[in-house]
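> no FASTA, just this:
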């Protein structure tokens, strides 16, 4: 998986949101609200190719969580990102 | 000719082919200024010359957009300058507008009869102004703007939702109200304050006023079976306000400017949704909920 270009994280009064920009995303009018953890992962992924395991390892570096729980949560999160169309 | 709109000086000049170009933009008359103050600088200059030719080399077609007020074809060039072809409501090309990347140096050619040219020049200046102003923490918004007790109340809505009805109910039933603008006011962040301004663009209502007020609130109108007001938290406020702001999603700098400016408006002002019926009570409920001073 990879983040679609133009889906950049913005700080709006302390809230983390993703707003689509760029010529390719003219018709994408949804705004995605991210919590602190998902915003951290989104930023840390940069434009690299990734999967749920890689997301989980980013999470484990920063937070004190159980590896299995992290993996399951990241799989869920990635499924959500796919459904709303911000990764490809 | 010099004008000052939302406290930004702009200059519109005409080639010698135009004996009286300013007659095309009578709604700008209240905004005419003799000269600029010492500390001011021009937000933009626009030169109207029908000999201007379309640029074809290296153009990147961005798209053909329905602005809700006629279509606009947008081309971008490698130096981030732009070319727009503005069509009127009947689809006739009436303006070729070329701008630099900062929208402060613009040229346009007009086409058609007097009414097409009027429409063309109004729209060309509005577009250039919207994008140039975004670099100065100002937004052109699609809204109706009411002044009440010296403060500005902006109402936004999808067309047909009842924005005009709500605004006319405020003017009729809430004391000390007047209309500042009915279609395209400007919102401007200065320091930690937000102000709203009347402009030469006001849709079908001839309300072209050089007026300014502190912004009290931005309220989205939604139809509902009963009247109630919802104060919007940050993310909902952003999502509600963004579609009412003039921007270009494909231009990184302008889109950043607009998003940052919206963020400031949310920080220093208040955004609401009024769920309402088209009745007198809705204006009274709205007024009592959002007027804190």
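All right, it came through fine. On a predicted model such as this, the values are computed, not experimentally measured, just so you know. Numbering: from 1, shown residues only, chains lettered A, B, ... in the order given.
> dump the residue contacts of the closest residue to chain B within chain A.
The nearest approach of chain A to chain B comes at residue A:23, 4.1 Å away (CB to the nearest CB). Using the backbone N, CA and C atoms, a C-beta is placed for each residue, glycine as well. Contacts for residue A:23 were tallied using CB atoms under 8 Å, 6 or more residues apart in numbering or on different chains; they are B:62-63, B:250.
> switch the cut-off to 10 Å
A:6, B:60-63, B:74, B:76, B:248-251 (CB atoms under 10 Å, 6 or more residues apart in numbering or on different chains).
> among these, which pair sits farthest apart?
A:6 and B:61 (17.8 Å; CB to CB).
> more neighbours: the two, which one.
Under the criterion of other CB atoms under 10 Å in any protein chain shown, the comparison of residue A:6 against residue B:61 puts residue A:6 first, with 20 against 11.
> would you confirm that that one contacts residue A:22?
Yes - under the criterion of CB atoms under 10 Å, residue A:6 makes contact with residue A:22 at 3.3 Å.
> near chain B, which residues of chain A?
A:6, A:8, A:10-17, A:19-34 (CB under 10 Å from any CB of the partner chain).
> list the contacts of residue B:66.
Contact analysis of residue B:66 by CB under 10 Å, 6+ apart lists B:72, B:87.
> backbone dihedrals for it, both of them.
Dihedral angles of residue B:66 (phi, psi; degrees, to the nearest 10) stand at phi -90, psi 110.
> from chain A, how far out is it?
12 Å (CB to the nearest CB, to the nearest Å).
> got it, and residue B:154?
19 Å.
> tell me which element that residue falls in.
strand B:151-156 (DSSP states H and E).
> strand partners (parallel or antiparallel) of that strand?
strand B:144-148 (antiparallel), strand B:212-223 (parallel) (DSSP bridges).
> and among these, the most buried is which?
strand B:144-148 (a mean of 25; mean count of other CB atoms under 10 Å in any protein chain shown).
> now that one, how far from the centre of its chain.
Mean C-alpha position of strand B:144-148 versus that of the full chain (CA atoms, centre = their mean, to the nearest Å) differs by 15 Å.
> same question for it, mean pLDDT?
The average pLDDT for strand B:144-148 rounds to 97.
> next: stretch B:247-259.
Here the average pLDDT along stretch B:247-259 is 95.
> is that stretch up against chain A anywhere?
Yes - judged by CB under 10 Å from any CB, stretch B:247-259 and chain A are in contact via B:247-252, B:254-256, B:259.
> pull out the buried residues from that stretch.
B:247-251, B:254-255, B:257-259 (16 or more other CB atoms under 10 Å in any protein chain shown).
> what's the answer for stretch B:148-159, then?
For stretch B:148-159, by 16+ other CB under 10 Å, it's B:148, B:151-157.
> what's the distance between the residue of chain A closest to chain B and residue B:212?
36 Å (CB to CB, to the nearest Å).
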